[in-house]
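Asker: My questions are about this predicted structure, shown below with the sequence.
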Amino acid sequence: MMSGDGDEDDDELSSGGSGDEVHVINGHNKRIPTAPSGGSGPSRRRNRKAGGVAIVEAMLELAAASKMRAAALTKKNGDNLQDSSTSSIDLDIELDEMELVAAAAGYLYYQSLVNQPPGTSPSTRGTYLKDLLQGPVEDCREVLRMDKRLFHKLSDTFREQGLLRDTITVLVEEQVAIFLSIIGHNQRIRVIQERFHLSCETISRHFNNVLKAVKAVSRGFFQPPVLETHEDIVSSKRLYPYFKDCIGVIDGLKLLANLPIKDQPRFQNKKGILTQNVLVACNFDLEFIFVCPGWEGSINDSRILRAVLDDPNQNFPQPPKGKYYLVDRNYTNTEGFIAPYQGARYGPHEYHGARQMPQNAHDLFNHRHMCRSNVIQRSVSMLKTRFPILKSAPPYHFQVQRDLVIATCALHNFIKREDGAHDWLFAGEGKDAAAAEEESRGEEEEEEVELLHMDSTPRELVADSLRDSIAFTMWDDFMNKWEEW
């Protein structure tokens, strides 16, 4: 949080009497030069214009003097030059170019002064973030998508690890705020430019720098699944002991993508929409444990999982012997990855009306499988509610779009671990928004992929045997005890 308590937060430096302004954010001082106190508005613009004209005239005079001196040297040393009309013409051209370069340099500097956007003077920079961090907690949460303590902790992490550094006019905190404002509201750079009083180039540069910083620390935010049975499973008669060896859930996340024309056919899904397919795995604490973005939207989920498992460089957290992930019916039921039964009801909309009660062991297993595996839909819904940039196809290079998926998932985990009990989404305040997002996601992505029926492999036979054992034990208990289904 910024220091200070009143309308005037900036202290004038005691040494030198320069009139520089000091922005203090979370104990870090930064000297930001301010414009001289000589008025503002039209008079300042007139002074800038007059100064610009003087610069141009001075540069022209300098060029003319250089030209005269060069001509004098040419006359003095004429015997050393080739006496031809061609060399004389070349020399005149070079001298004219000197004059043009000098004039252009002066003119460009003059233009930079005259055309400076309103409100971008050094004295106005940083005030937006300062006011935000000194204001109500709700404002900070709305703009930065996290509370003040987490924002400062994240900024300090980047500074301490040398991933970001304060510049002459932009502190690390402001760089991070720029990034969070863009991904938290899906806003364009020009909108952020007006808010932070910085140029588009500066905004873009800091956005990319912070994205790289988040990626650099993201490995520490993704932790392998805990092997002990989760308390939510232990405390539920519907789930325990049937899913006691389940360590997480895997699903494919389809995100809209922005791609060049030559790459578009590969990324079109069955509906002709450009998407990237993201393999995500999460635990039962709503944290992502693995994220692999950038796959073509035309590739089905099962193929992506196989490719990831076959690539040791992906560092996928493999389930130990006897443990498994839950996967949906777009995946093959195989050892370590238990899918619902094909041909039986599965989606929540299929358990309404007269046939609400399960009809057989496959029905009951699929329903409870769905109830446990929906944790990944909840996680994704909260992710997209907090960072709406994932709801659209952002106008960035595809590599940036891929990196944004990793960065937002890492920040999601950071917030959950640091403030999960009080965060507006995890604590339940944003439950309605996340539920609405989850429902719309289910409607948009509801499709069953027809898996190829080939001879089962030994790993598939092991998984089929385990699934049948769970399903029939579950059904026997349900029929004998009439438990809540």
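Answerer: Received the coordinates, thanks. Numbering: from 1, shown residues only.

Asker: Toward the C-terminus, what is the element adjacent to the top strand by length along the chain?
Answerer: Ranked by number of residues, the top strand in the chain under DSSP state E is strand 246-256. Sequence order places helix 264-267 as the next helix or strand after strand 246-256, per DSSP states H and E.

Asker: Identify each buried residue in that following helix, please.
Answerer: Phe267 (16 or more other Cβ atoms under 10 Å). For glycine as for every other residue, the C-beta is placed from the backbone atoms N, C-alpha and C.

Asker: now do stretch 396-408
Answerer: Neighbour counts over stretch 396-408 (16+ other Cβ under 10 Å) mark Tyr396, Phe398, Gln401, Arg402, Asp403, Leu404, Val405, Ile406, Ala407, Thr408 as buried.

Asker: what does stretch 336-349 give?
Answerer: Along stretch 336-349, these residues count as buried under the neighbour rule (16+ other Cβ under 10 Å): Gly336, Phe337, Ile338, Ala339, Pro340, Tyr341, Ala344, Arg345, Tyr346.

Asker: partner residues bridging the closest residue to the second one other than its chain neighbours?
Answerer: Spatially, and ignoring its direct neighbours in sequence, Phe337 is nearest to Val327 (4.9 Å; Cβ to Cβ, 6 or more residues apart in numbering). Here Val327 sits in beta bridges with Ile250, going by DSSP bridges.

Asker: Now the closest residue to Lys254 other than its chain neighbours. Its backbone dihedrals?
Answerer: Leaving aside its chain neighbours, Lys254 sits nearest to Thr275 (4.6 Å; criterion: Cβ to Cβ, 6+ apart). With angles defined as degrees, to the nearest 10, Thr275 sits at phi -140, psi 150.

Asker: burial measure for Thr275, as a count.
Answerer: Thr275: 21 surrounding residues under other Cβ atoms under 10 Å.

Asker: and if you look at Glu61?
Answerer: 11.

Asker: And it, which helix or strand is it part of?
Answerer: Assigned by DSSP H and E, Glu61 falls in helix 42-76.

Asker: All the strands of the protein, in order from the start?
Answerer: 11-12, 21-25, 28-32, 246-256, 275-282, 288-296, 324-327, 337-338.

Asker: okay if I get these as JSON lines plus distance to Gly220 and mean pLDDT?
Answerer: What follows is the strands of the chain, written out as JSON lines (distance: least, Cβ to Cβ, whole Å; pLDDT from 0 to 100):
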{"stretch": "strand 11-12", "distance to Gly220": "36", "mean pLDDT": "33"}
{"stretch": "strand 21-25", "distance to Gly220": "24", "mean pLDDT": "37"}
{"stretch": "strand 28-32", "distance to Gly220": "23", "mean pLDDT": "43"}
{"stretch": "strand 246-256", "distance to Gly220": "19", "mean pLDDT": "97"}
{"stretch": "strand 275-282", "distance to Gly220": "17", "mean pLDDT": "98"}
{"stretch": "strand 288-296", "distance to Gly220": "13", "mean pLDDT": "98"}
{"stretch": "strand 324-327", "distance to Gly220": "22", "mean pLDDT": "98"}
{"stretch": "strand 337-338", "distance to Gly220": "26", "mean pLDDT": "98"}
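
Asker: Would you map out the domains in this protein?
Answerer: Per automatic domain parsing, the structural domains of the chain span 42-114, 130-221, 231-386+420-481.

Asker: Could you point out which of those domains sits nearest His412?
Answerer: Each of the domains of the chain has some distance to His412 by Cβ to Cβ; the shortest is domain 231-386+420-481, at 5.1 Å.

Asker: rewinding a little: using a markdown table, please lay out the buried residues of stretch 396-408 together with distance to Arg149 and pLDDT.
Answerer: Listed next are these as a markdown table, based on distance: Cβ to Cβ, whole Å; pLDDT from 0 to 100:
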| residue | distance to Arg149 | pLDDT |
| --- | --- | --- |
| Tyr396 | 30 | 95 |
| Phe398 | 35 | 97 |
| Gln401 | 30 | 97 |
| Arg402 | 30 | 98 |
| Asp403 | 26 | 98 |
| Leu404 | 24 | 98 |
| Val405 | 26 | 98 |
| Ile406 | 24 | 98 |
| Ala407 | 20 | 98 |
| Thr408 | 20 | 98 |
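
Asker: right, so of the strands of the chain, which gets closest to Leu227?
Answerer: Short answer: strand 246-256, nearest of those by Cβ to Cβ, at 6.2 Å.

Asker: just checking, what packs against the closest one?
Answerer: Helices and strands touching strand 246-256, by 3 or more Cβ pairs under 8 Å, 6 or more residues apart in numbering; DSSP states H and E, are strand 275-282, helix 301-310, strand 324-327, helix 361-373, helix 375-386.

Asker: Now with 10 Å, please.
Answerer: The helices and strands touching strand 246-256, judged by 3 or more Cβ pairs under 10 Å, 6 or more residues apart in numbering; DSSP states H and E, are strand 275-282, strand 288-296, helix 301-310, strand 324-327, helix 361-373, helix 375-386, helix 398-419, helix 431-445.

Asker: in it, what counts as buried?
Answerer: So, applying 16+ other Cβ under 10 Å, buried residues of strand 246-256: Cys246, Ile247, Gly248, Val249, Ile250, Asp251, Gly252, Leu253, Lys254, Leu255, Leu256.

Asker: tell me the phi and psi of Asn283?
Answerer: According to degrees, to the nearest 10, Asn283 has phi -100, psi -170.
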